[in-house]
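In: everything below, folded, please.
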Amino acid sequence: MATTASQTWHPDTDATPTPRDVAAMAEVLEGRHGIHAAEVADFFASYHGEKGDAGRAWAWSGVAELVRNRERARLERN
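Out: Numbering: from 1, shown residues only. Next up is the predicted model:
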C-alpha cells in the first residue's frame, strides 16, 4: 500500500527549507499566482504564525521576500 503525504507529515517536524526549496516554492507561486505571489506567501506565513508554527511561518516569509526581490530585479532590468 502506498504512503500518502498525510500519513507521513507531522506538524511537529522541522520544516526549515533549504535555499533551493525556497527558490522552488517562489517559482511555483510566481507561475500560479503571478503578481500576487508574494501576497500568497504572506498569507501562508500569517496562517502558520497564528497557528504557532514559527518554522513554517519563517519559511513562507522567506518565500515572500525572495519573490519581492526577484520582482524588483526584473523591474530594474527593464
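In: C-alpha only now, for contacts and for neighbours.
Out: OK.
In: could you pull out the helices for this protein?
Out: Under the criterion DSSP state H, the chain contains helices at 5-8, 19-33, 37-50, 54-77.
In: mean neighbour count for the ones you listed - can I get that in TSV?
Out: Conversion of the helices of the chain to TSV gives the following (neighbours: other CA atoms under 10 Å):
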stretch	mean neighbour count
helix 5-8	8
helix 19-33	16
helix 37-50	19
helix 54-77	18
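In: now mean pLDDT too, for the ones you listed, in TSV please.
Out: Output for the helices of the chain, formatted as TSV (pLDDT from 0 to 100):
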stretch	mean pLDDT
helix 5-8	54
helix 19-33	94
helix 37-50	97
helix 54-77	94
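In: how much space between the nearest residue to residue 66 once chain neighbours are set aside and residue 61?
Out: Spatial nearest neighbour of residue 66, excluding adjacent residues (CA to CA, 6 or more residues apart in numbering): residue 26 at 6.9 Å. Separation of residue 26 from residue 61 (CA to CA, to the nearest Å): 11 Å.
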